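A.B. asks: Quick one: sequence plus predicted model below, questions after.
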Protein chains: 2
Amino acid sequence: MARWEPNARARLVRAALELCTAQGYPATTVAQIADRAGLTKTTFFRHFPDKREVLFAGQDEHSRILAEAIAAAPVEATPIEAVAAGISTLATTFTPERREFGRMLIALIDANDDLKERAAYKHARLAEATTEALKAREVPTGTAGLAAELGVRAFHEAFARWIEPGAERSLLALTQAGLDRLRTAAAQLDTPAPAERASLPL
Amino acid sequence: MARWEPNARARLVRAALELCTAQGYPATTVAQIADRAGLTKTTFFRHFPDKREVLFAGQDEHSRILAEAIAAAPVEATPIEAVAAGISTLATTFTPERREFGRMLIALIDANDDLKERAAYKHARLAEATTEALKAREVPTGTAGLAAELGVRAFHEAFARWIEPGAERSLLALTQAGLDRLRTAAAQLDTPAPAERASLPL
DNA sequence: CGAAGTGATGTGACTCAGAAACATCACCCT
DNA sequence: AGGGTGATGTTTCTGAGTCACATCACTTCG
C-alpha cells in the first residue's frame, strides 16, 4: 500500500529518536522531526496525535498481544499463570535489534517528565487491557487488577534489564524471572521487614 | 501574607473547576480561567506549571502525608499495616466539603484523556513516594512497590465510593475496607477463577 | 490509453499553551 | 515619607496542534 516514499511512519519515529537523543526532547521541534523524515509538520500529526506519541509508537499493539495471549491461556490456569503466558508471548515479539532502540527510549523517558507522564499512562492502559482480559476469564476484579499490575511491572523490569549493555539472558527468561520475583514479593506483604524479623526471638 | 485579593490560588482552582465543568476541559482556556478569578494568564502560570495541574492542586501534598504517616508507623508493623496507617491518615485529611469538589473532578477526568494521563502520573508518583517510605523501613524493593500500589489503589477506590451520591460510610472506613478487599484479592493470585474452581472435584 | 477517483502529502493560516523580559502596584518596615 | 519586597499585569514570542484547501502519485475503469 506504500506510495510516495514508503515507511513514512517509521521514518518519523527514527528521526524523532535520533533528534531527541542528540538535542534533548524539549529542544526538538515537531517541524525538525518531520523535516529530517522528509515530511512536513502536518503529516507528522496525521501519523501521531501529539509530539510525545511518536516515541511510544507501536506500544498500543502490546495491549492487543497481551490480551489475546491471556485469552488463549488454558482455562485451568491461575490468574498469575495466565499473565505469565501473556507477557511471555509479548516478550517473544521483541527482536534483538530493538534493544538499541529501547536503550535510547528509556534514556529519553528518564530525562523528561513529559515522557514519564506518557509512560505512566501507557503503563496504566496496558494494565487495564490486561485486567479486562483476566476478567473475561472470570477472574474477580480485584485479583485481575493486581495480577495485571504484577505482569506489567514484571515486563517493564525485565525490559529494563534486557536493554542493559551486558545483558545475556533473553527477554523471555527475564520476564519469567521478574514475575517470579514479584510473586514472592507479594507473598511477603504481611511479613514484617527483615530488620525487624531478625530482632524477634527465634 | 495575603495582599491584593487573598486566595488567588484557590480562586483559580475554583474558576477552573467551574468553567471546565460547564464548558468541558478542552473548550476552557487558561485566559478564561484567569479572567474569572480576576487575574491574568501569566499569573495563572505563576501558580500552576500547566493547565492540567490546576485541577490536581494539592495532590502533591498527599505524597508527603502518606510518607510521613508510614514513617511514623510502629517498627513492628508489616508493610501492609504501615500502608494501612498511611492511607488512614491521608483519609482523615479529607473534609466532607471536598466531596462535591471530588465529584466534579472525577467527572472531568473520566471525560478527558489528557486528564486521565495526568491522573495516571499522579498515581504513579504517589505510589513511588509510598514505595520509598516503605524502603526506608527496610522493606525489600519488590514488596515495597506492591504494598504501595495496593495502598494507592485502595485509596482511590475508597475515594470513588466516598464521593458517590448515596455514600454513608466515612472515607476512613472505606479506605480500610478497600485495603482489606485488595489483600484478599492478592491472596488469590494463584487460585484458579471461581468458574473453574467450581468445576473441580470437591 | 486517458480520465476519473482515491489516499497520502503539502500549504497557509489560525488558536492556544507556555516562557520570558520588563513594568507596576500594594503592602510592610523603618 | 521612602525604599524594599513580593505578587501581579503587559507585551511579545515560540511551538504544539487544528483545519480548510490544494496537490500529487498511483489505481482503476472506460
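C.D. replies: Received, thanks.
A.B. asks: Mind telling me what element A:Val152 is part of?
C.D. replies: Assigned by DSSP states H and E, A:Val152 falls within helix A:141-162.
A.B. asks: which of the residues in that helix are buried?
C.D. replies: Using 16 or more other C-beta atoms under 10 Å in any protein chain shown as the burial criterion, the residues of helix A:141-162 that qualify are A:142-159, A:161-162. C-beta here means a position set from N, CA and C on the backbone, and glycine is covered the same way.
A.B. asks: who's in contact with whichever strand or helix holds A:Ile70?
C.D. replies: Assigned by DSSP H and E, A:Ile70 belongs to helix A:59-72. With contacts defined as C-beta atoms under 8 Å, 6 or more residues apart in numbering or on different chains, helix A:59-72 is touched by A:82-83, A:85-90, A:93, A:122, A:125-126, A:129-130, A:132-134, A:136-137, A:151.
A.B. asks: Got a quick PyMOL command for the buried subset of the residues you listed?
C.D. replies: Only the buried entries of the contacts of helix A:59-72 go into this PyMOL selection, using 16+ other C-beta under 10 Å:
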select buried, chain A and resi 82+83+85+86+87+88+89+90+122+125+126+129+130+133+134+137+151
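A.B. asks: give me every residue that touches the residue most central in space within chain A.
C.D. replies: Residue closest to the average C-alpha location in chain A (C-alpha atoms, centre = their mean): A:His156, at 5.6 Å. A:His156 sits next to A:His123 when contact means C-beta under 8 Å, 6+ apart.
A.B. asks: Please apply the same query to A:Ala84.
C.D. replies: If you count contacts by C-beta under 8 Å, 6+ apart, A:Ala84 has them with A:Gly151, A:Gln176, A:Leu179.
A.B. asks: Spatially nearest residue to the first one, not counting backbone neighbours?
C.D. replies: Meaning A:Gly151. Spatial nearest neighbour of A:Gly151, excluding adjacent residues (C-beta to C-beta, 6 or more residues apart in numbering or on different chains): A:Val83 at 3.7 Å.
A.B. asks: wouldn't the one you found be in contact with A:Leu134 here?
C.D. replies: Yes - with contact defined as C-beta atoms under 8 Å, A:Val83 counts as touching A:Leu134 (7.3 Å).
A.B. asks: what sits in contact with each of the two?
C.D. replies: Common neighbours of A:Val83 and A:Leu134, counting by C-beta under 8 Å, 6+ apart, are A:Ile70, A:Ala147, A:Ala148.
A.B. asks: What does the pLDDT read for the nearest residue to A:Glu132 once chain neighbours are set aside?
C.D. replies: In this structure, A:Glu132 finds its nearest non-sequential neighbour in A:Ala67, 6.9 Å apart by C-beta to C-beta, 6+ apart. As predicted, A:Ala67 sits at a pLDDT of 98.
A.B. asks: count of residues packed around A:Ala67?
C.D. replies: A:Ala67 has 19 neighbouring residues, counting by other C-beta atoms under 10 Å in any protein chain shown.
A.B. asks: Can you show me the helices along chain A?
C.D. replies: Taking DSSP state H, the helices of chain A run over residues A:8-23, A:30-36, A:41-47, A:59-72, A:79-92, A:98-111, A:113-135, A:141-162, A:171-186, A:194-199.
A.B. asks: Save those helices as a markdown table, and put in distance to DNA strand D too.
C.D. replies: Putting the helices of chain A into a markdown table (distance: least, C-beta to the nearest atom of the strand, whole Å) gives the following:
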| stretch | distance to DNA strand D |
| --- | --- |
| helix A:8-23 | 10 |
| helix A:30-36 | 4 |
| helix A:41-47 | 4 |
| helix A:59-72 | 17 |
| helix A:79-92 | 27 |
| helix A:98-111 | 14 |
| helix A:113-135 | 9 |
| helix A:141-162 | 24 |
| helix A:171-186 | 30 |
| helix A:194-199 | 43 |
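A.B. asks: Confidence-wise, which of these is weakest overall?
C.D. replies: Looking at these, the weakest mean confidence is helix A:194-199, a mean of 56.
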